[in-house]
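no sequence on this one, just coordinates:
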């Protein structure tokens, strides 16, 4: 067995251990894959395990200092049933569009604990947000001007925070959201001038700040470093604020492993670092500030699977292809076309043959019990690649293939209209 294949198997085993095997099949929420497919009524589909989501929230809460609020970033997965489930587990929701706002307001989460971020809020969206009473995280001077007009027209004060584009970035992030020129937030050096405008804006109720320096980070020390820099920056701005800082969103950026090179994030150092920052700096200087950590992918990403059915098995010049009825139009990220520079396989399994060899010691399993295949979707493009040269138990037409780490940035981050195939079903089980 080559070293890469062995490492892939260790990665797959680690991810798959969160899921049970029932009757030799992958089980989500305790339901075997074939039975779940019958219950859903069609393939492909996304299935999210509610117990895994609840467990992940509990794990995060145990790692964070007491009193830190945990918010869910709806953009990671806005499925209504999932939002309702999470609304009972987290302290707030963050939305990035009027559509997400409507879904959030449909949950039991109070509007006062919903925030609205994003660089392109329309005046109509600002009107909806102010009318609902959610916190608007301002991203530009122009947005503030329009918000003041909206609040004056509605005859109510708008609850606002400033999203800051810091002069630093979070090292090791999959996507940088701070440092240098950005469409996100207000450059840190321009914030004092905007705070002066807010001080003379009776239409607004200033709450505090939001800083998000990067996403999908697996290095605890990088996250800790960004949090320390964020706190130092906020303390430097506090004297210019038009009122006490009551809201301090430190962002998140917690990543999950997708490929063999990824190691799971260690929450321990992050929790210890936050405890020190709060006790030694924030509480003495900003006693009214509610510290918030905002996570999306980290709460739901590993609780989801994308299940698709083999519709053809073919050979082409010595290479075996499994053609499935799903593809990149549902799971763009798994195809390598959602920001990856180098494409890497997501963990993948034959869901209908999940017992025995797939659950045993991956390093010691004989190669004869597996075969190298390439899993492709049903679209007319070579970009529709779900698993390139992966080692799986032999699969035939009708077998179910599962892609893991599919709970975040899956369906709503994919080009579902491409080539006119029907959308997949989503279920929370």
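Cool, the structure landed. Bear in mind the structure is a predicted one, so any value in this text is a computation, not a measurement.

Give me the buried positions along whichever strand in the chain runs longest.
Identified as the longest strand of the chain according to DSSP state E is strand 304-316. By 16 or more other CB atoms under 10 Å, the buried positions in strand 304-316 come out as 304, 305, 306, 307, 308, 309, 310. No exception for glycine: its C-beta is placed from N, CA and C like everyone else's.

So which elements touch the helix or strand that it is followed by?
Per DSSP states H and E, strand 304-316 leads on to strand 319-324 as the next helix or strand towards the C-terminus. Under the contact criterion of 3 or more CB pairs under 8 Å, 6 or more residues apart in numbering; DSSP states H and E, strand 319-324 touches strand 304-316, strand 371-376.

Switch the buried residues of strand 304-316 over to CSV; also include pLDDT and distance to residue 87.
Listed next are the buried residues of strand 304-316 as CSV, based on pLDDT from 0 to 100; distance: CB to CB, whole Å:
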residue, pLDDT, distance to residue 87
304, 98, 18
305, 98, 23
306, 98, 24
307, 98, 26
308, 98, 30
309, 98, 33
310, 98, 37
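
Please identify which of the residues you listed is nearest to residue 113.
Comparing those against residue 113 with CB to CB picks out residue 304 as the nearest, at 24.6 Å.

The closest one against residue 46, yeah?
Yes - between residue 304 and residue 46 a contact is recorded at 6.0 Å, counting by CB atoms under 8 Å.

which residues do these two both contact?
406, 407, 410 (CB atoms under 8 Å, 6 or more residues apart in numbering).

Tell me how many other residues crowd the first one.
By the other CB atoms under 10 Å criterion, the neighbourhood of residue 406 contains 27 residues.

secondary structure class for it?
Put simply, residue 406 is coil when judged by DSSP: H, G, I helix; E, B strand; the rest coil.

Flag every buried residue along the longest helix along the chain.
Secondary structure assigned by DSSP state H gives helix 220-237 as the longest helix of the chain. Neighbour counts using 16+ other CB under 10 Å place 220, 222-227, 229-231, 233-234, 237 of helix 220-237 among the buried residues.

what distance separates the next helix or strand after that helix from the centre of its chain?
Using DSSP H and E, the helix or strand that follows helix 220-237 in sequence is strand 247-249. Offset of strand 247-249 from its chain centre (CA atoms, centre = their mean, to the nearest Å): 20 Å.

start the count at 320, not 1, going forward
In the new numbering, first residue 320, that becomes strand 566-568.

Contacts made by strand 566-568 with the rest, please.
390, 434, 454, 456, 480, 526-531, 553, 601, 605, 608-611, 613.

Kindly report the same for stretch 735-748.
By CB under 8 Å, 6+ apart, stretch 735-748 touches 347-350, 355, 358-369, 398, 400-401, 404, 625, 645-649, 697-699, 730.

Pretty sure residue 543 sits against residue 589.
Yes - the criterion here is CB under 8 Å, and residue 543 meets it with residue 589 at 6.0 Å.

so what pLDDT did the nearest residue in space to residue 705 that is not next to it in sequence get?
Nearest non-adjacent residue to residue 705, counting by CB to CB, 6 or more residues apart in numbering: residue 694, 4.5 Å away. If you check residue 694, the pLDDT there is 98.

Just the strands from the stretch 620-748 of the chain, written as ranges.
Assigned by DSSP state E, counting those that start in this stretch, the stretch 620-748 of the chain shows strands spanning 623-635, 638-643, 667-669, 690-695, 704-711, 719-722, 744-747.

Sort out which residues of the second one are buried, please.
For strand 638-643, the buried set under the neighbour-count rule, 16+ other CB under 10 Å, comprises 639, 641, 642, 643.

Please compute how far that strand lies from its chain's middle.
30 Å.

Now for the closest residue in space to residue 341 that isn't next to it in sequence, how many residues are close by?
Setting aside the residues directly before and after it, residue 341 is nearest to residue 351 in space (CB to CB, 6+ apart), at 4.6 Å. Per other CB under 10 Å, the neighbour tally for residue 351 reads 20.

residue contacts, residue 351?
With the criterion set at CB under 8 Å, 6+ apart, residue 351 makes contact with 341, 342, 344, 345.

what do you get for residue 443?
residue 417.

Kindly recompute the last result at 6 Å.
Shown in contact with residue 443 (CB atoms under 6 Å, 6 or more residues apart in numbering): no residues.
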